[in-house]
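Asker: Provided below are the primary sequence and the corresponding predicted coordinates.
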Amino acid sequence: MIKTSNLTKKYGDFTALNNLNIEIKEGEILCLLGANGAGKSTTINLLLNFITPTSGTAYINGLDVVKNPKKTKPYLTYIPENLMLYPTLTAIENLDYFLGIGGKSFSKTELKDFLEEAGLQQEAFDKRVQFFSKGMRQKVGIALAIAKGAKVLLLDEPTSGLDPKSSNEFGELLKRMKQAKVAILMATHDIFRAKEIGTHIGIMKQGVLMHHFSNDEITLQDLEKVYLETMTLNNEAI
């Protein structure tokens, strides 16, 4: 569902992403770890066709995202670090509005069902989003993915700033999305959360995918060790 082939993005002499090759199938979660500037967000922006690659190709469900922007969008839901919703609208109204943009229409009962499935408390359905915590906003984003029937979920630091309880709830939601055969790419700084929910884990530095593991082939302790060793590498070693 998600694939990159020698995906590269340069800004003048600066290489933000260098020959990235990844593949994420249905029901898989790839968690990309790395410091700021490692290329994680660049990867997501290229898959969303927000920016165009210098070379290489990004695919969603086998479709080149540059050549097929309209065809790839229905497969996607994107949840950034800070999900932008209309603050004066309620959760239901936001969900209805964004689904309407995509040409989908649901009854109020159906919209409530999507929000409930995403874990939002029922008492929050008709509250204005301006009073929501970040965790509650993220659940509206998950409800949007559920309602769209999205097959691909792209997440950029979705648990940043969440308290442990909310972060754990979000992780459980992603596990349910995985069971529903959604392909998920998550950029994160959270090594523990990556190990807990990822089927695969990548470590990036300076635009290069330095390591790629299946979850079952590395322990949390070893993952932390490899991550710290990778972060201390000098530029010449990359």
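Answerer: Alright, I've got the coordinates.
Asker: Can you check the pLDDT for I238?
Answerer: We note a pLDDT of 61 for I238 in this prediction.
Asker: other SSEs contacting the one helix or strand F192 maps to?
Answerer: Assessed by DSSP states H and E, F192 sits inside helix 191-197. Judged by 3 or more CB pairs under 8 Å, 6 or more residues apart in numbering; DSSP states H and E, the packing partners of helix 191-197 are strand 29-33, helix 164-179, strand 183-188, helix 220-231. In this view, the C-beta of every residue, glycine as well, is placed from N, C-alpha and C.
Asker: so T43 makes contact with A187?
Answerer: Yes: between T43 and A187 there is a contact at 7.3 Å, judged by CB atoms under 8 Å.
Asker: Now do the shared contacts for those two.
Answerer: Common contact partners of T43 and A187 (CB atoms under 8 Å, 6 or more residues apart in numbering): L32.
Asker: residue boundaries of the strands in this protein?
Answerer: Chain-ordered strands for the chain, with DSSP state E as the definition, fall at 2-11, 14-24, 29-33, 55-60, 63-64, 76-79, 152-156, 183-188, 200-205, 208-214.
Asker: Contact partners for G102?
Answerer: G102 makes contacts with P74, K148, as judged by CB under 8 Å, 6+ apart.
Asker: Next: the one 10 residues further on.
Answerer: When contacts are counted by CB under 8 Å, 6+ apart, K112 is found next to I92, Q122, F125.
Asker: Let's see if you can find the most crowded of those.
Answerer: In terms of neighbour count, I92 stands highest of the contacts of K112 at 21 neighbours, by other CB atoms under 10 Å.
Asker: I'd say that one and K108 touch.
Answerer: Yes: A contact is recorded between I92 and K108 when judged using CB under 8 Å, the distance being 6.5 Å.
Asker: Tell me which residues touch the most centrally placed residue in the chain, please.
Answerer: A centroid search over the chain (CA atoms, centre = their mean) returns L155, at 1.6 Å, as the residue closest to the centre. Contacts for L155 were tallied using CB under 8 Å, 6+ apart; they are Y78, I79, L174, I184, L185, M186, A187, T188.
Asker: one more time with 6 Å, if that's ok
Answerer: Contacts were defined as CB atoms under 6 Å, 6 or more residues apart in numbering; by that measure L155 touches I79, M186.
Asker: what residues does the helix holding F192 touch?
Answerer: Contacts of helix 191-197 with the rest of the structure, by CB under 6 Å, 6+ apart, involve I29, C31, L33, T159, G171, L174, K175, T188, I201, L220, L223, E224.
Asker: Which of the residues you listed has the largest number of neighbours?
Answerer: The most neighbours, when those are compared by other CB under 10 Å, belong to L33, which has 29 neighbours.
Asker: Thanks a lot, catch you later.
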